[in-house]
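Trainee: how would this look folded up:
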Amino acid sequence: MSEKMEGGKHLYRFLTNLIITAAVTVLFAYGWGRWLNILLDRPFLGLGRLTMIVIYMILAIFFIYSFGGYEIGVSRISHASIGCALASFIVNLIMVVMTVMMVGYKKLVPTIILVYFELLIADVVVLFVITYFGTWLYRRIFPPYRMLQIHGSHVNNLDHKMGQRRDRYVIAETIMANAPLHDIEKKIDEYDAVLINDVPSELKNRVLKYCFDRQKRVYFTPKISDIIVRESDELNLFDSPLYLSRNVGFSTWQRAIKRTGDIILALIGIVLTSPIMLVTAIAIHSYDKGPVFYKQERYTIHKKVFRVIKFRSMIVDAEKNSGARLASENDDRITPVGHFIRSTRIDEIPQFFNILKGDMSFVGPRPERPEIHEEYCEKVPEFDFRLSVKAGLTGYAQVFGKYNTTTYDKLKFDMIYVQKASILLDMQLILLTLRVVFQKESTEGVEEGEKTAK
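Mentor: As a prediction, this is how the structure comes out:
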């Protein structure tokens with residue numbers, strides 16, 4: 001039953017992805033043939049028109065995939081819809097530039113922009129309808145698996161997080177890891193899937209083997225060691241399987257490409273956001289006549305200290321009495337202007353200058369304050385591992401986590417990046433960051449009274 005359901009899910013996602021791709025391609029083909037092709041001195045005929053359609057389709061597939069727009073049934077409706085909308089915006093923007101260059105007449109530029117704007121609106125509406133009803137139908141055809149949670153002694157809220165996605169996960173029963181193994185195995189047989197939630201490694205291994213034998217789906221929280229060996233290389237040198245685990249980070253040529261990309265993107269970012277920075281600076285200063293920027297010492301690669309620059313979102317001397325601590329929900333230190341620039345990530349824009357200087361990269365672990373970093377290390381000594389690469393404006397933890405994600409989970413996200421680091425992954429994370437800007441939950445603060453994310 002499980003295999004048939006999984007096969008059905010894969011087929012359903014394939015078909016919905018095909019429908020999404022076909023929808024945006026047909027809309028462009030109609031718009032190109034009806035309004036845009038005739039603007040050329042020599043309109044494209046058969047092969048030329050087909051080439052334009054194929055170019056558009058390839059761009060659409062790449063950006064929809066990069067933004068998570070194909071994740072119907074996996075992501076939330078809002079996340080998939082935002083991904084599709086952002087992908088459509090970028091694809092149509094690229095096509096505007098291409099079409100203007102091909103037409104070559106300045107007087108036709110407004111017409112071209114108008115046609116692509118209308119195409120963008122049509123894309124957004126059609127893709128939202130497909131995403132909404134596609135997800136709605138998916139949830140009715142494929143009900144969530146009933147799941148047994150095997151919980152260790154460590155208290156976390158993973159079951160609560162999964163409970164917020166009852167369309168995918170239903171934890172029907174929980175059994176503690178210290179229960180007799182026979183009882184645990186008996187319970188496993190009653191459910192479709194198992195969640196191994198932070199249990200001792202020995203028990204996890206036994207449960208994994210038991211579930212594998214009975215074709216049960218298994219979800220488990222990884223240890224740091226699991227993440228480290230995840231990207232191991234397979235060596236077939238002897239008649240015994242051998243894995244090679246190493247922490248090499250970026251190669252010399254990758255570091256050169258990454259640094260060149262950082263400089264180019266930082267310069268582009270500074271130029272494009274200069275009007276936003278000007279308006280923000282005026283708003284911050286007008287509110288309380290205080291400084292526009294604030295600087296803080298942060299850690300980057302190998303614990304090198306630098307001063308990060310951000311727009312000030314809190315009152316002057318916000319930590320005079322409390323000391324170093326992260327912002328909490330409804331933090332009274334945050335100004336009205338600060339609430340807006342934090343929720344829209346505008347407060348982070350001045351870090352383009354840190355990137356240009358070389359203190360940070362565009363992608364990497366979030367730069368933590370030395371005192372908070374050391375406090376994290378007291379609880380989780382492996383927190384130092386994340387500093388094997390340069391700190392970043394965005395990264396794995398910033399994209400897939402939240403501001404108040406726990407210390408250990410932040411470390412896991414950052415370690416995944418350290419192990420998988422590549423130029424291609426950097427490009428994907430930069431694109432996904434655009435989607436995160438529209439997700440309000442990613443800026444949630446820590447709980448009231450807490451200084452750090454526990």
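Trainee: residue 110: neighbour count?
Mentor: Residue 110 has 9 neighbouring residues, counting by other Cβ atoms under 10 Å. C-beta coordinates here come from the backbone N, C-alpha and C atoms, glycine included.
Trainee: for residue 392, same thing?
Mentor: Counted with other Cβ under 10 Å, residue 392 comes out at 26.
Trainee: residue 255 falls within a strand, correct?
Mentor: No - assessed with DSSP: H, G, I helix; E, B strand; the rest coil, residue 255 is helix; it does not lie in a strand.
Trainee: pLDDT value on it, please?
Mentor: Residue 255 carries a pLDDT score of 92 in this model.
Trainee: what's the neighbour count on it?
Mentor: When neighbours are counted by other Cβ under 10 Å, residue 255 registers 15.
Trainee: tell me how far it lies from residue 399.
Mentor: Distance, residue 255 to residue 399, using Cβ to Cβ, to the nearest Å: 22 Å.
Trainee: likewise residue 216?
Mentor: Distance check for residue 216 against residue 399: by Cβ to Cβ, it reads 30 Å.
Trainee: ditto for residue 314
Mentor: Counting by Cβ to Cβ - residue 314 and residue 399 are separated by 25 Å.
Trainee: just residue 254 next, same as before
Mentor: For residue 254, the distance to residue 399 equals 20 Å [Cβ to Cβ].
Trainee: between those two, tell me which one has more neighbours.
Mentor: Comparing residue 254 with residue 399 by other Cβ under 10 Å, the one with more neighbours is residue 399, at 20 against 14.
Trainee: residues touching the more buried one, list them.
Mentor: Shown in contact with residue 399 (Cβ atoms under 8 Å, 6 or more residues apart in numbering): 429, 432, 433, 436.
Trainee: 10 Å instead?
Mentor: Listed by Cβ atoms under 10 Å, 6 or more residues apart in numbering, the contact set of residue 399 reads 363, 413, 417, 428-433, 435-436, 439, 442.
Trainee: which of the residues you listed sit farthest apart?
Mentor: Among these, the pair separated by the greatest distance (Cβ to Cβ) is 417 and 439, at 19.1 Å.
Trainee: so residue 340 sits in a helix?
Mentor: Yes - assessed by three-state DSSP, residue 340 belongs to a helix.
Trainee: can you count the residues close to the residue nearest to residue 185 when sequence neighbours are not counted?
Mentor: The shortest distance from residue 185 to any non-neighbouring residue, by Cβ to Cβ, 6 or more residues apart in numbering, is to residue 210 (5.7 Å). The criterion is other Cβ under 10 Å. On that basis, residue 210 has 17 neighbouring residues.
Trainee: same deal with residue 83?
Mentor: 27.
Trainee: next: residue 51.
Mentor: Other residues lying near residue 51 total 11 when counted by other Cβ under 10 Å.
Trainee: also residue 225?
Mentor: For residue 225, the number of neighbouring residues by other Cβ under 10 Å comes to 11.
Trainee: pretty sure it contacts residue 232?
Mentor: No - counting by Cβ atoms under 10 Å, residue 225 stays clear of residue 232, with 11.2 Å between them.
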